[in-house]
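> could you look at this predicted model? Sequence included:
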Amino acid sequence: MSPNDRRLLRHLLVIVTIKVMVLGALWWVFVRDVRVPVDAERAADRLGMTPPAQGGHP
């Protein structure tokens, strides 16, 4: 591996590491505490299915 290849590899690793850290920070700030409530009726409606009956088994 030539010195230019090693330098390029080092720069690419640094850039990818910085990008992963920035994405992690953005997730931590904006997405971490977001909760999406999902119930059977909404999920079934989204999938085009009939929701299961609420209650006990027959």
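Here it is on my side, so go on. Treat the numbers as computed from the prediction; the structure is a model and nothing was measured. Numbering: from 1, shown residues only.
> C-alpha from now on. contacts and neighbour counts both.
Noted.
> can you give me the strands for the chain?
Counting by DSSP state E, the chain has no strands to list.
> which helix is the longest one in it?
helix 3-30 (DSSP state H).
> so how far is that one from its chain's centroid?
Per Cα atoms, centre = their mean, to the nearest Å, the displacement of helix 3-30 from the mean C-alpha position of its chain is 18 Å.
> so for it, what's the average pLDDT?
Summarised as a single mean, pLDDT over helix 3-30 is 96.
> could you do stretch 47-58 as well?
65.
> so which residue is dead centre in the protein?
W27 (8.5 Å; Cα atoms, centre = their mean).
> distance check, it against D45.
W27 sits at a distance of 29 Å from D45 (criterion: Cα to Cα, to the nearest Å).
> pLDDT value on R42, please?
82.
> use 195 as the first number from now on
Happy to do that; since the first residue is 195 now, the last one works out to R236.
> what is the neighbour count of it?
13 (other Cα atoms under 10 Å).
> quick check: it vs M243, distance?
Taking Cα to Cα, one finds R236 at 10 Å from M243.
> and L206, by the same measure?
L206 is 47 Å from M243, by Cα to Cα.
> same thing with L207?
L207 is 46 Å from M243, by Cα to Cα.
> quick check: closest non-adjacent residue to T244.
Using Cα to Cα, 6 or more residues apart in numbering and skipping residues adjacent in sequence, the residue nearest T244 is A238, 5.9 Å away.
> that neighbour touches V232, doesn't it?
No. Between A238 and V232 there is no contact under Cα atoms under 8 Å: 10.1 Å.
> of these two, which one has the most company?
Taking neighbours as other Cα under 10 Å, A238 and V232 compare with A238 leading, 13 against 8.
> burial of L241, as a residue count?
10.
> and what of G218?
13.
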